[in-house]
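J.: need coordinates for the below:
(one chain, ligands or ions: 1)
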Amino acid sequence: MAALDTNRELAAAEQDLLLARIRGGVWLVLIAIAVFAAGEATLNRGYLLPLYALKAVELATLAGIVLALRHPAGRRNAVAVALTGAIVFCLTTVAGATVAGDASTPPLIFVVLTMALATLLPWGLVPQLAVVGVATLAVVWNTQAVHGSLRPLLGYPAATMVVAFGASLYVAREFQRYREERARVELELRLARAAAEAASRAKSAFLANMSHEIRTPMNGIVGMTRLTLDTELDGEQREYLEMVRTSADALLAVINDILDFSKVEAGKLDVVEAPFALRDCIGDTMKALAVRAHEKGIELGWSVDEAIPDGLVGDAGRLRQVLTNLVGNGIKFTSRGEVVVEARRADSESGDDTVEVAITVRDTGIGIAPGVQEQIFEAFEQADASVSRSFGGTGLGLAISKRLVELMGGRIGVASAPGVGSAFTFTVRCRRLPAGALAPVAELAAPQTTAAVDDDACGLRVLVAEDNVVNQRLVARLLERRGHAPVVVENGREALAALASGGFDLVLMDVQMPVLDGFAATRLLRERERGSGGHLPVIAMTAHAMSGDRERCLAAGMDAYVPKPVDPEHLYAAIAELLSGWSGYRAAP
Ligand code: ADP
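T.: Coordinates of the predicted model:
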């Protein structure tokens, strides 16, 4: 497919070149006709009438060439058009010379003509051979007509013509070979590039698959560890299990980075637009990082310039991801002092309905040497290999952040002094939400762990659609602990069958399932409800790194989602909020 396209493109480029040359040639011939006409004015007046008649034929031929090249059919057969023109000129030239009794000019003109055609027109050996043949015959006829014999041609004139015509054939053939060779090389390059791109795509797909395969059992480890931590344990067991949980969380973070990065590489990472509140977004992010900072004895602070409206439209999730990365790095590379986030307005206030926000994350940490400040935004780059050993990390965070920021229409950069601290600044361009529009707009988001939720709803019949056995156990157990009664099914089709018999208060729906996935199952459920009335709350369970999941959940008719690995607090908060009748987790109309 790629090869075919390449060939077609090359042929088209060659055709364009040919057309351009023919058009240039037409002008050259026009000038030549004018020059010869000036010379002919000095000739015997008796010759002028037939000579000018021949000029008229030549001019008509030129006009014919120009007109033919305007027509698609003419353009397709440009070689034939050029060949016809060249032959007509051979014949009119000879006819004119014969009328004037001149047998010495045509050989000269044809020597020049054949060389010019061979070097200027990329038309190859066969048309060139045709012109040389016609020119030879024309010269023979001209000599015979003027001198009554071919004798004057013998010797130098014939030798000159043989050398020149032969050379023109050689040049035309070599040019043709050269063009074919170039076409072949270009084709190979193109194929090599396509192969490299395919390999890169395959690698990204492999990475994404692997990450998914690793993530599923990891979810099991994290979830079951959490469950066990909630049972009765002695001090030692608890300590070891806490370590298991910390390690699993760290491993999950690395896997998420790799998955995101493989998506960056595959060009599959995208940002979604939804209304969000900037101050909440920054505040929530900082809250989530507070524990880490507190453990190291580092101050965390943040401020948002008053000139920034609170209601914006953009990708809050991705913004949070970048911010988490930068603040996380700040905490990681600072041993004493503070990490401060400051959001300023970066454009003039009077502008259109977009707002450019500049967010600076400043720390008082180890700083970054000037020589590597550019490099750290590349994948796998770390300022100092020895630093990475003492601090850990994959070197992917900043590369992902940079790409995310660029996708959100911004830039990212760093100012830093070793031993003093670093300041990472990035900008994002968001649309401004009309005043007052934020409040009623639903933001289908995972609830924060920090949200204190009183889950007074209990004894619910909950349908759990989930194919992974460990997750089934985990979610069922979490529900039972709150006094709910879970019923577990394996896939979307079974879920629909179970729901048909009724009696459920809530559905927990895995998104990725065999037979019928969670999106399709929910869509069918909503369709069924349209006939029968009612609205059974559906909470999606999705892998957090799947960008665009939120929109897909909404579109499929889901009401909320909890990220995997399912965190007990997230799950309880989602259930409580959904059942308390608060519409924030429902799809906006
Ligand atoms: P990781 O932190 O996983 O190594 P990143 O891409 O987030 O990967 O960062 C790349 C490198 O940039 C880090 O290894 C570190 O050398 C340097 N770096 C990033 N942030 C800071 C910071 N706030 N202070 C000092 N060095 C930093």
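J.: what does stretch 326-343 contact?
T.: Here stretch 326-343 makes contact (Cβ atoms under 8 Å, 6 or more residues apart in numbering) with 278, 282, 285-286, 289, 292-293, 296-305, 308, 323, 357-366, 391-393, 397-398, 401, 421-422, 424, 426. Placement of C-beta: from N, CA and C, glycine included.
J.: what lies in contact with stretch 357-365?
T.: Looking at stretch 357-365 with Cβ under 8 Å, 6+ apart, the contacting residues turn out to be 278, 282, 308, 312, 323, 326-327, 329-331, 333-346, 420-430.
J.: what's the answer for stretch 239-256, then?
T.: 211, 214-215, 218, 221-222, 225-226, 228-229, 233, 394, 544-545, 565.
J.: next one: that stretch to chain centre, how far?
T.: The chain centroid and the centroid of stretch 239-256 are separated by 34 Å, computed with Cα atoms, centre = their mean, to the nearest Å.
J.: count of residues packed around the closest residue to the ligand within the stretch 51-200 of the chain?
T.: Residue of the stretch 51-200 of the chain nearest the ligand, by Cβ to the nearest ligand atom: Ser200 (20.8 Å). Using other Cβ atoms under 10 Å, Ser200 has 13 neighbouring residues.
J.: what helix or strand is it located in?
T.: helix 156-229 (DSSP states H and E).
J.: do the same with Met513
T.: With DSSP H and E as the test, Met513 turns up in no helix or strand.
J.: could you pick out the longest strand of the chain?
T.: strand 421-432 (DSSP state E).
J.: could you point out the helix or strand that follows the helix holding Ser200?
T.: Next along from helix 156-229, by DSSP H and E: helix 235-265.
J.: and the stretch 351-500 of the chain, which residues reach the ligand?
T.: Residues of the stretch 351-500 of the chain that fall close to the ligand, judged by Cβ under 6 Å from any ligand atom: 363, 365-368, 376, 382-384, 387-388, 393-399, 422.
J.: CA atoms only for stretch 15-30, dumped as PDB, please.
T.: What follows is stretch 15-30, C-alpha atoms only, in PDB (Å, rounded to 0.1, in the frame of the first residue of the first chain):
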ATOM      1  CA  GLN A  15       5.200  14.400 -14.500                       C
ATOM      2  CA  ASP A  16       5.200  17.900 -12.900                       C
ATOM      3  CA  LEU A  17       8.900  18.300 -13.700                       C
ATOM      4  CA  LEU A  18       8.200  17.300 -17.300                       C
ATOM      5  CA  LEU A  19       5.400  19.800 -17.600                       C
ATOM      6  CA  ALA A  20       7.500  22.600 -16.100                       C
ATOM      7  CA  ARG A  21      10.300  21.800 -18.600                       C
ATOM      8  CA  ILE A  22       8.000  21.700 -21.600                       C
ATOM      9  CA  ARG A  23       6.500  25.100 -20.600                       C
ATOM     10  CA  GLY A  24      10.000  26.600 -20.200                       C
ATOM     11  CA  GLY A  25      10.900  25.000 -23.600                       C
ATOM     12  CA  VAL A  26       7.900  26.700 -25.200                       C
ATOM     13  CA  TRP A  27       9.300  30.100 -24.200                       C
ATOM     14  CA  LEU A  28      12.800  29.300 -25.400                       C
ATOM     15  CA  VAL A  29      11.400  28.200 -28.800                       C
ATOM     16  CA  LEU A  30       9.300  31.400 -29.000                       C
END
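J.: buried ones in that stretch?
T.: Residues of stretch 15-30 classed as buried by neighbour count (16 or more other Cβ atoms under 10 Å): Leu18, Leu19, Arg21, Ile22, Gly25, Val26, Val29.
J.: likewise stretch 368-388?
T.: Result for stretch 368-388 [16+ other Cβ under 10 Å]: buried residues Ile368, Gln373, Ile376, Phe377, Ala379, Gln382, Ala383.
J.: okay, those residues in a markdown table with secondary structure and pLDDT next?
T.: Formatted as a markdown table, the buried residues of stretch 368-388 follow (DSSP: H, G, I helix; E, B strand; the rest coil; pLDDT from 0 to 100):
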| residue | secondary structure | pLDDT |
| --- | --- | --- |
| Ile368 | coil | 93 |
| Gln373 | coil | 91 |
| Ile376 | helix | 90 |
| Phe377 | helix | 90 |
| Ala379 | coil | 76 |
| Gln382 | coil | 73 |
| Ala383 | coil | 72 |
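J.: next, give me the two most distant ones among the residues you listed.
T.: Ile368 and Ala379 (16.8 Å; Cβ to Cβ).
J.: could you measure from Leu251 over to the ligand?
T.: For Leu251, the distance to the ligand equals 14 Å [Cβ to the nearest ligand atom, to the nearest Å].
J.: repeat that for Val254.
T.: 9 Å.
J.: number of nearby residues for that residue?
T.: 15.
J.: how about the most centrally placed residue in the chain, secondary structure?
T.: Nearest to the geometric centre of the chain sits Gly267, at 4.7 Å (Cα atoms, centre = their mean). What DSSP: H, G, I helix; E, B strand; the rest coil gives for Gly267 is coil.
J.: residues from the protein in reach of the ligand?
T.: So the chain meets the ligand at 325, 329-330, 333, 363, 365-368, 376, 382-384, 387-388, 393-399, 422 (Cβ under 6 Å from any ligand atom).
J.: recalculate using a threshold of 8 Å.
T.: The chain has residues 257, 325-326, 328-330, 332-334, 361, 363, 365-368, 372, 376-377, 381-384, 387-388, 391-401, 414, 416, 421-422, 424 near the ligand, with proximity defined as Cβ under 8 Å from any ligand atom.
J.: filter the residues you listed down to the buried ones.
T.: Counted by 16+ other Cβ under 10 Å, those give 257, 325-326, 328-330, 332-334, 361, 363, 365-368, 376-377, 382-383, 393-401, 414, 416, 421-422, 424 as buried.
J.: mean confidence (pLDDT) on stretch 272-282, please.
T.: Throughout stretch 272-282, pLDDT has a mean value of 87.
J.: restrict it to CA atoms and write it as CSV.
T.: These are the backbone C-alpha positions of stretch 272-282, laid out as CSV (Å, rounded to 0.1, in the frame of the first residue of the first chain):
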residue,chain,number,x,y,z
VAL,A,272,-10.4,15.9,27.4
GLU,A,273,-12.2,19.1,28.1
ALA,A,274,-14.7,19.5,31.0
PRO,A,275,-15.6,22.3,33.4
PHE,A,276,-13.5,22.4,36.5
ALA,A,277,-12.6,24.6,39.4
LEU,A,278,-8.9,25.5,39.4
ARG,A,279,-8.7,26.2,43.2
ASP,A,280,-10.3,22.9,44.0
CYS,A,281,-8.0,21.1,41.6
ILE,A,282,-4.8,22.6,43.1
